[in-house]
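Visitor: Just need the structure, nothing else, for what follows:
(one chain, ligands or ions: 3)
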Amino acid sequence: MNDARNSLALDPIEILTVPSDKCPMGKCDGSGFIWIKDWSKRHEKNVMDECKKECDCYQQQQKQREIDKKLDLSGIPPIFSRATVHSFDTSLYTSDEDRNIAEVAKIAAVNFVENYPIMKEHGKGLYLYSRVKGSGKTRLASSIANALIKQYGADIAFIKSADLISQVKKTFGSKETNASDVVATFRKVELLIVDDLALKGATSFEEGVIYDVMDYRMENKKPTILTSNVTIQDLENIYPGGRVNKRINKMAMEIYMPEESIRDQEAEQENAEFEKILFGE
Ligand SMILES: Nc1ncnc2c1ncn2[C@@H]1O[C@H](COP(=O)(O)OP(=O)(O)O)[C@@H](O)[C@H]1O
Ligand SMILES: [Mg+2]
Ligand SMILES: [Zn+2]
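Guide: Ligands and ions are numbered 1, 2, ... in the order given. Okay, the predicted model is just below:
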């Protein structure tokens, strides 16, 4: 007892929080705070002798919460919320040629993420294209987005081209939102990802909206990633004004994706799993 009293006199601060493995530092109970008692203040009137201080994990948790929020608000398709660039499997494609094409695309994606600060400074994005649906364009774009949010805390808006147009259209006749606010969001976001650009011919209104967003982003050096089933050059058939493809040509590096659908393979694999459940091995 005497020992305890002596040691408290020397160091009157007692840590009340019992550390648990919920804290990555092993210091707090996972709450991000450590409760301490200052025994020297015990007999002082109107003075709190217990208080909490930030654990070293607090900033880290705060950062993680911000990242989770950004991931949540980004619009990345939920099925790809955990997709990473590294788990992009180039061995799934059946021909050597497609595997090579996928390998080149994957390396470009890795390099884009690694060099994002430079790409961002110059407003350079990517243009992933292949005619075939299900070849991995949306998946690769999503995994780049996931990586940029986690590594750089990037602010990202991921949207299908058709949804971008319909969001603008929805504002017509609405009192709460107007078209220019919606357009401004996509013009100004740090990194915009437009999925499935130009799936079909565009009306001049649609062309105007896409041009408006792209022109602003080019002028202001804001990077954009696009996926499409036509080459940048062939965009002219869909946006006949000819200005959309010129902007995109300046803003995005073209990356060719394999002309092979992984979706069919995935479905077969998935069905095989369920066959095992239903019919046994
Ligand atoms: N290289 C890959 N590694 C793992 N899964 C892939 C790969 N490429 C495609 N997939 C899967 O195939 C399906 C179709 O991919 P998706 O990105 O939607 O194709 P696209 O956008 O080209 O139409 C998705 O379920 C995706 O998870
Ligand atoms: Mg897609
Ligand atoms: Zn902690």
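
Visitor: can you pull the buried residues of stretch 191-207?
Guide: Under the neighbour-count criterion of 16 or more other C-beta atoms under 10 Å, stretch 191-207 has 191-198, 202, 206-207 buried. Where you see a C-beta, it was placed from the backbone N, CA and C, and this is true even at glycine.

Visitor: Kindly indicate which of these lies nearest ligand 3.
Guide: Of all those, ligand 3 sits closest to Leu191, with 31.8 Å by C-beta to the ion.

Visitor: circling back: save the buried residues of stretch 191-207 as JSON lines, and put in secondary structure too.
Guide: Formatted as JSON lines, those follow (DSSP: H, G, I helix; E, B strand; the rest coil):
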{"residue": "Leu191", "secondary structure": "strand"}
{"residue": "Leu192", "secondary structure": "strand"}
{"residue": "Ile193", "secondary structure": "strand"}
{"residue": "Val194", "secondary structure": "strand"}
{"residue": "Asp195", "secondary structure": "strand"}
{"residue": "Asp196", "secondary structure": "strand"}
{"residue": "Leu197", "secondary structure": "strand"}
{"residue": "Ala198", "secondary structure": "coil"}
{"residue": "Ala202", "secondary structure": "coil"}
{"residue": "Glu206", "secondary structure": "helix"}
{"residue": "Glu207", "secondary structure": "helix"}
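
Visitor: Could you single out the nearest of those residues to Thr84?
Guide: Ile193 (15.9 Å; C-beta to C-beta).

Visitor: Pull the contacting residues for that closest one.
Guide: By C-beta atoms under 8 Å, 6 or more residues apart in numbering, the residues touching Ile193 are 141, 145, 156-159, 224-227.

Visitor: Which secondary structure state does Asp215 sit in?
Guide: Taking three-state DSSP, the label given to Asp215 is helix.

Visitor: Could you list the residues of this protein in contact with ligand 1?
Guide: 88-89, 92, 102, 133-139, 227, 262-263, 266 (C-beta under 6 Å from any ligand atom).

Visitor: Please, a PyMOL command that selects the buried ones among these?
Guide: Buried residues within the residues of the chain next to ligand 1, by 16+ other C-beta under 10 Å, are selected in PyMOL with:
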select buried, resi 88+92+102+134+135+136+137+138+139+227+262
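
Visitor: nearest to ligand 2, of the residues of the chain next to ligand 1?
Guide: Of all the residues of the chain next to ligand 1, Thr138 has the smallest distance to ligand 2: 3.2 Å, by C-beta to the ion.

Visitor: Local confidence estimate at that closest one?
Guide: Listed pLDDT for Thr138 reads 97.

Visitor: Please enumerate the helices of the stretch 101-250 of the chain.
Guide: 116-122, 137-152, 161-170, 179-188, 204-219, 235-238, 243-251 (DSSP state H, counting those that start in this stretch).

Visitor: picking up where we left off before, just checking: which of the residues of the chain next to ligand 1 also lie near ligand 2?
Guide: 137-138 (C-beta under 5 Å from the ion).

Visitor: What residue in this structure comes nearest to ligand 1?
Guide: In the chain, the residue found nearest to ligand 1 is Gly136; the distance is 2.6 Å by C-beta to the nearest ligand atom.

Visitor: Next one: that residue from ligand 3, what distance?
Guide: Going from Gly136 to ligand 3 by C-beta to the ion, to the nearest Å gives 39 Å.

Visitor: again with Val244
Guide: 50 Å.

Visitor: Equivalent analysis for Thr227, please.
Guide: Noted for Thr227: a distance of 41 Å to ligand 3, by C-beta to the ion.

Visitor: Check Ala252 too.
Guide: Applying C-beta to the ion, the value for Ala252 to ligand 3 is 42 Å.

Visitor: And that residue, its phi and psi?
Guide: Ala252 adopts backbone torsions of phi -140, psi 140, taken as degrees, to the nearest 10.

Visitor: tell me the mean pLDDT for stretch 74-89?
Guide: 96.

Visitor: Please disregard the earlier target; I meant stretch 41-60.
Guide: Stretch 41-60 comes out with an average pLDDT of 87.

Visitor: Spell out which residues make up each domain of the protein.
Guide: Domains of the chain are assigned by automatic domain parsing as 2-59, 74-264.
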